[in-house]
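Asks: have a look at this fold, sequence not included:
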């Protein structure tokens, strides 16, 4: 096909890739509206939907999503969407066969370049869910996701911690653990994600203190200035296939283990991490509900890591109720800061020193079995707090931040105990949904503060929970959701009467 | 959300559903470009992609695909794409559980209304492929596909024949069988499809003789005029979920049995068919390759049919090589006409009278076991031919059509036998691909004519195959594909020499 002039469509199509083709060009090239076409410029290409304009013209209009994928070209070629063998490989997996590294590479390349659409990607995820993948396949998946993206290289060995997530209140833990590790002189260039299905990702919570989006050059500069930082990985083009896969997984509410393992390890390998501690919160309503399942997952992480020269150790932690007492970016940031300053809840402090301690052992700066104690010393001495302020400063935030300056939601509501009794249930999923309805994570001040945890004794009328929001109407909705979901269950001594009514 | 003015977007987006929203309206309603939105008008709705225009304005622009789905509204509401439980049901199926009728109904409704996108539909197809469905589920699938579409009702019991397809040259069989059945006084309102992955659908081939697109009212009028007709089902909104599912299946190259059974039976129930003969071509490179598999599929069709008050009988037929000698709409139309006129190949005649005979038995106009003979009499007496001419006339075609007036491709190439020997292979898939590369079914004159079938003895230089096209360059491509695919294999007595070369 001939070379065509291209400019940018004057509209916002978000992620949707569209090319508007004048009628004369469409008819000369047998392009139909609603079909898929490959837009090619130099060696780059992107697949887009065709919209045929009713007018004749000289140039095609690329949506911003297409134009930027191709480095804003002024000339392009359109090629009819070619048939790729990746579709056959996906079908092969779905029918229960093992895929080779080359087959997986073909799929991942075609996902990255946009040759495979949502339908094909969904089928790949479905195949992983129903058929599964073995160690070799997960290794290939991880490797090819790294290959198809950017890799950052640092001057010293890089360590990291990562939680598989699923427990509300967990994003604050890294904000305590990373400064401990950095204060011990161990390099930890932590990239993290924003929340997709939870009230706060680590990047959202860190952003309460400082900007978290950096270019590759800026990240390398950060690494020269300080031993640790917590940034958002989204701008660095690390394993970009993963971002696409995660979006489709979220849409389908599927999260196959093989893809989760490859997703986490590929992001870490792209940051040249050589030594990784993975936190697997385990318990009722966590991602992993039993210790056996957690052990199997740990073994998978360790085996896949070892084939990719990434040393992995897993920490199975208690995830049956929230970590600490707060949920939502600002509220979690606050609790992290209090923990670094010496107060803060026991569960946050314990989890942070446990994970940091494992890194210190791996790096050889604490003796085997002595990591926790070394980490606790660093935290209690105030060195971790000082390092955290330094991290904030280097990342461009305010190093003089005080807990009472952290802006939590303007509006607040309280939920009180309806009876005397004991707290027998504090439910992760319900609390996450309530915090999200209140506005988290987009509204950084939205979220909740628990006043009780499982096993606590309460009196009728005592505060169980405060909900924060910057929107009065969302706060009302969150309160209504409390009625429906009953996130905290109190049981008294009197369980029922007979007859039920008098 | 407030009521908005709507008009039609001045561009062709094909099936792609798009709504262009002015910047001010998008920002007032928190709509982002590239997100999904539900466009609502009266009780109808359609899901569309949002494109945010850079200009402010008073009205949204609906792509034709959206506008016509909503009956061309002037006012609409936009609602943020709601979460549907169907996603959970698809996930449940993928994990191996059985779905209830209500769950399947939710999925099918959401597919029909556009709430579920390609990714979700692909996952549903993948789940059917890897997990499968039992009889109850296929019954529910069929029933709910019928419910979500239009049903035509006739004044007399309706009979039909349907082939599951997969064998080139098969589309001509109905053109012979339907007139035989109608000539016997049995009502057969046959709807058929256009080719998606084959060189000719029955609708494509019938269209060589007469228009095949009719409105519901016109179809009811046809039924009052004549006992049989062959039309395209695409304009009648019969089981519309099926059309969407078939498109995604084709994209993924998947064709799960449960969906195939539901697809066929739902279309027939939507036409109020009470008695159906299903042709299952069986053999190498047919959809079904073994008799055992054909028997299992037959049993499935019969069981699902019986729960839906549709009496089904299956005919397992030989499908290991093409039916008759021609492939492609005009060439197959020609062979059908020749067969009705008394010449034509034995395989076409035999298959048509076999299938028609089973209908005649079901309708009680031929004794049990005597259908074939009755059908053969009707064909050989010329009554089927006269009825076919009447069908053409009623459908608006030329009832004086002669075989030599059927326009086959202007360009023709011959493929000759390279050696003396016996024809040991005539390959379905290769022949279909060659006919399609030559231009079929869009180019109705494109296709091929075999001069030999399996077992024939040939002399070096004898014609094996003619290829027809209206494009010289496509004809060249088809010839190149013959070299690669070797659709007809001749084996002589000398199988190899040693050493291979002198």
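Replies: All right, it came through fine. All values derive from a computational prediction rather than experimental measurement.
Asks: contacts, neighbours, all on C-alpha from now
Replies: Will do.
Asks: how about residue A:356, what does it touch?
Replies: By CA atoms under 8 Å, 6 or more residues apart in numbering or on different chains, residue A:356 lies in contact with A:161, A:177, A:178, A:180, A:181, A:371, A:372, A:375.
Asks: am I right that the fourth one is in a strand?
Replies: Looking back up the chat, that one is residue A:180. No: residue state for residue A:180 (DSSP: H, G, I helix; E, B strand; the rest coil) corresponds to helix; a strand is not indicated.
Asks: and the residue nearest to it when sequence neighbours are not counted, what's its pLDDT?
Replies: Counting by CA to CA, 6 or more residues apart in numbering or on different chains, the nearest residue to residue A:180 once its immediate chain neighbours are dropped is residue A:384, at 4.7 Å. You'll see residue A:384 listed with a pLDDT of 98.
Asks: and what of residue A:357?
Replies: The score at residue A:357 is 94. That number is its pLDDT.
Asks: ok, now residue A:381?
Replies: 97.
Asks: can you give me phi and psi for it?
Replies: As for residue A:381, its main-chain torsions (degrees, to the nearest 10) stand at phi -80, psi -10.
Asks: could you measure from the most centrally placed residue in chain A over to residue A:231?
Replies: Centroid-nearest residue in chain A: residue A:193, 3.7 Å away (criterion: CA atoms, centre = their mean). From residue A:193 across to residue A:231, the span is 8 Å (CA to CA, to the nearest Å).
Asks: and for the two, which residues touch both?
Replies: Overlap between the contact sets of residue A:193 and residue A:231, as judged by CA under 8 Å, 6+ apart, is given by residue A:203.
Asks: where in chain A is pLDDT low?
Replies: Low-confidence segments of chain A, defined by pLDDT under 70: A:1, A:43, A:81-83, A:492-502.
Asks: repeat that for 50
Replies: Along chain A, the model assigns pLDDT under 50 to residues A:495-497, A:500, A:502.
Asks: which bits of it sit near chain B?
Replies: Where proximity means CA under 8 Å from any CA of the partner chain, the interface of chain A facing chain B comprises A:10-16, A:32-35, A:49-54, A:87-88, A:91, A:94-96, A:118-123, A:126-127, A:129-131, A:248, A:251-254.
Asks: buried subset of those residues?
Replies: A:11-14, A:16, A:32-35, A:49-53, A:87, A:91, A:94-95, A:118-123, A:126-127, A:129-131, A:248, A:252-254 (16 or more other CA atoms under 10 Å in any protein chain shown).
Asks: now, those that are in strands?
Replies: Secondary-structure check on these using DSSP state E: residues within strands are A:11, A:12, A:49, A:50, A:51, A:52, A:53.
Asks: off-centre distance for stretch A:433-440?
Replies: The chain centroid and the centroid of stretch A:433-440 are separated by 17 Å under CA atoms, centre = their mean, to the nearest Å.
Asks: ok, now stretch A:374-384?
Replies: Its chain's C-alpha centre and that of stretch A:374-384 lie 28 Å apart, by CA atoms, centre = their mean.
Asks: just to be sure, residue A:317 is in a strand?
Replies: Yes: according to three-state DSSP, the state of residue A:317 is that of a strand.
Asks: what about the residue lying closest to it once chain neighbours are set aside, neighbour count?
Replies: The spatial neighbour of residue A:317 that comes closest, neighbours along the chain excluded (CA to CA, 6+ apart), is residue A:281 at 4.7 Å. Other residues near residue A:281 number 28, with proximity taken as other CA atoms under 10 Å in any protein chain shown.
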